[in-house]
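In: model this:
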Amino acid sequence: MGRVILINTFRFILLICLQVFLLKNIGYYNLAIPFLYILFILLLPFKIPNGLLFLLSFLTGLTVDVFYDTLGLNAAACTVLAFVRIVFISVTVQREGFDNEPDPSLGIMGLRWFIFYAIILTFFHHLVLFSFETFRFTEFGYILIRSILSSLFTVLLMILAEFMFFRKKVR
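Out: Below is the predicted model:
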């Protein structure tokens, strides 16, 4: 239990620092902006209580908001991400499998499941974030393009990060 807390604390600090100090200034014409920090929320263990998941997601988004000066946009998007994560995991993962698979990482769940998981959750996060940022229905096409391109860029970085720390599933 203490090891899981230590790993997730280190992951939180590392991803926030990467986001704030490196990825904040990377983007492609304001269309493809990476938000790698959401990988922290995606990789939280399956057995985490929903209340704690929402709290950690909100605090993660709020931490990024402090550095981005976005007044709660990331906190709202991360809270929606937590909700979508709960729904996605309850639909795709069997409850009996939680003992065998402690967290939704690439090495444990497999490449196909992880890519699908990352794409769906990242797209919802980005759609909410960019919708609140623009806050105009007339800009829906622009919001959709930004969400798709940013999601693809973010998921690519997530897969690269996961392959760097890839561990094969023990059977």
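In: quick one: the helices in this structure?
Out: For the chain, the helices defined by DSSP state H occupy 2-21, 39-42, 50-68, 73-92, 106-109, 111-134, 140-164.
In: by how many degrees do the last one and helix 2-21 diverge?
Out: Right, helix 140-164. In terms of direction (axes from the mean of the first three to the mean of the last three Cα atoms, to 10 degrees), helix 140-164 departs from helix 2-21 by 130 degrees.
In: residues in contact with helix 140-164?
Out: 23, 28, 30-36, 38-39, 42, 105-107, 114-115, 118-119, 122-123, 126-127, 130-131, 134 (Cβ atoms under 8 Å, 6 or more residues apart in numbering). Bear in mind the C-beta positions are built from the backbone N, C-alpha and C, glycine included.
In: I'd like to know how far residue 130 sits from residue 162.
Out: In this structure, residue 130 and residue 162 are 24 Å apart, going by Cβ to Cβ, to the nearest Å.
In: cool, residue 40 as well?
Out: Residue 40 is 13 Å from residue 162, by Cβ to Cβ.
In: ditto for residue 48
Out: Per Cβ to Cβ, residue 48 is found 19 Å from residue 162.
In: who has more neighbours out of the two?
Out: A side-by-side neighbour count of residue 48 and residue 162, using other Cβ atoms under 10 Å, places residue 162 first with 20 against 17.
In: can you list the weak-confidence ranges in the protein?
Out: Flagging of the chain using pLDDT under 70 yields the residue ranges 1, 95-101, 166-171.
In: mind running it again at 50?
Out: Scanning the chain for pLDDT under 50 picks out 171.
In: closest to the centroid, which residue in it?
Out: residue 38 (2.7 Å; Cα atoms, centre = their mean).
In: does that residue touch residue 82 like I think?
Out: No. The pair residue 38 / residue 82 is not scored as a contact, 10.1 Å apart, by Cβ atoms under 8 Å.
In: thinking again about what came up before, for the residue nearest to the centre of the chain, give me its contacts.
Out: 60, 78, 81, 121, 122, 125, 154.
In: count the neighbours of the closest residue to the first one other than its chain neighbours for me.
Out: Read that as residue 60. Nearest residue to residue 60, sequence neighbours excluded (Cβ to Cβ, 6 or more residues apart in numbering): residue 78, at 5.4 Å. As a burial measure, residue 78 scores 28 neighbours (other Cβ under 10 Å).
In: repeat that for residue 5.
Out: The burial count for residue 5: 9, using other Cβ under 10 Å.
In: swap in residue 83?
Out: 14.
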